[in-house]
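1. I would like the atomic coordinates for the input below:
(2 chains)
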Amino acid sequence: GAVVSQHPSRVICKSGTSVKIECRSLDFQATTMFWYRQFPKQSLMLMATSNEGSKATYEQGVEKDKFLINHASLTLSTLTVTSAHPEDSSFYICSAIATNTGELFFGEGSRLTVL
Amino acid sequence: GESVGLHLPTLSVQEGDNSIINCAYSNSASDYFIWYKQESGKGPQFIIDIRSNMDKRQGQRVTVLLNKTVKHLSLQIAATQPGDSAVYFCAEANTGNQFYFGTGTSLTVIP
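-> Below is the predicted model of the structure:
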């Protein structure tokens, strides 16, 4: 079946550095992808909607300059956490809508730990 | 975003019993709902979905019920198995295909 791959699955970085997380649709094209973050024992919180070739749409309260999203191709969206701080430590999950079928698929998530 | 919440944060059931997980949503304009299962450290896994023009949908061992009058949906799992132990989320979607997740219910199946 369709697969959404996230890389890296785990990353540890120092405070103040930037981290890029990739979300790839492996066997389908995705015009639209979504980024979520999830804190331990909490639900997924939608951060932004990523549209190929255009600027991402951010949910209220999400800093666009802090969480940079780029959707340069129909199979790849990236989330860059800039100047990361310990409070940015979280589980980041992407999802992608298959352009031809409209089905939604989730990635396996990327765990970010900021020291 | 929309507010989607769950009534019960934890649920323990005996293996073989039926499980019922409830969810309330606030946006009456939402027209698509999905139940997801999430195991520790993994992404959400699709279980079953339902559109607002339906009030019931059945899958393999699972049934989703939608009550639009009170903005409530439930997930019923028949003959619950240990492998069903996970956190279950309901999510509602708007016309923009943006999904908003509920709080989550942690289901524990007791052998």
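2. list the contacts of residue 85.
-> Let's take chain A. A:15-16, A:114 (C-beta atoms under 8 Å, 6 or more residues apart in numbering or on different chains). For every residue, glycine as well, the C-beta is placed using N, CA and C.
3. nope, chain B
-> B:107-109.
4. next one: A:T82
-> With C-beta under 8 Å, 6+ apart, A:T82 has these contacts: A:18, A:65-68.
5. and which of those is nearest to B:K37?
-> For those, the residue nearest B:K37 by C-beta to C-beta is A:F67; the value is 26.7 Å.
6. near chain A, anything from stretch B:41-53?
-> Yes. Using C-beta under 8 Å from any C-beta of the partner chain, stretch B:41-53 reaches chain A at B:41-46.
7. near chain B, which residues of chain A show up?
-> So chain A meets chain B at A:4, A:6, A:32, A:34, A:36, A:41-46, A:49, A:59-60, A:91, A:93, A:95, A:97, A:102, A:104, A:106-109, A:111 (C-beta under 8 Å from any C-beta).
8. just those: which are in strands?
-> A:4, A:6, A:32, A:34, A:36, A:44-46, A:49, A:91, A:93, A:95, A:97, A:104, A:106, A:111 (DSSP state E).
9. in ChimeraX, select just the buried ones from those.
-> Here is the ChimeraX command that picks out the buried ones among those, judged by 16 or more other C-beta atoms under 10 Å in any protein chain shown:
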select /A:4,6,32,34,36,44,45,46,49,91,93,95,97,104,106,111
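10. and which of the ones in strands among the residues of chain A next to chain B is nearest to B:S52?
-> A:L104 (16.8 Å).
11. tell me which residues touch the closest one, please.
-> Going by C-beta under 8 Å, 6+ apart, A:L104 touches A:95-98, B:34, B:46, B:97, B:99.
12. over to B:T105?
-> B:6, B:8-11, B:21-22, B:87-89 are the contacts of B:T105 under C-beta under 8 Å, 6+ apart.
13. repeat that for A:T113.
-> Applying C-beta under 8 Å, 6+ apart, the residues contacting A:T113 are A:10-13, A:89.
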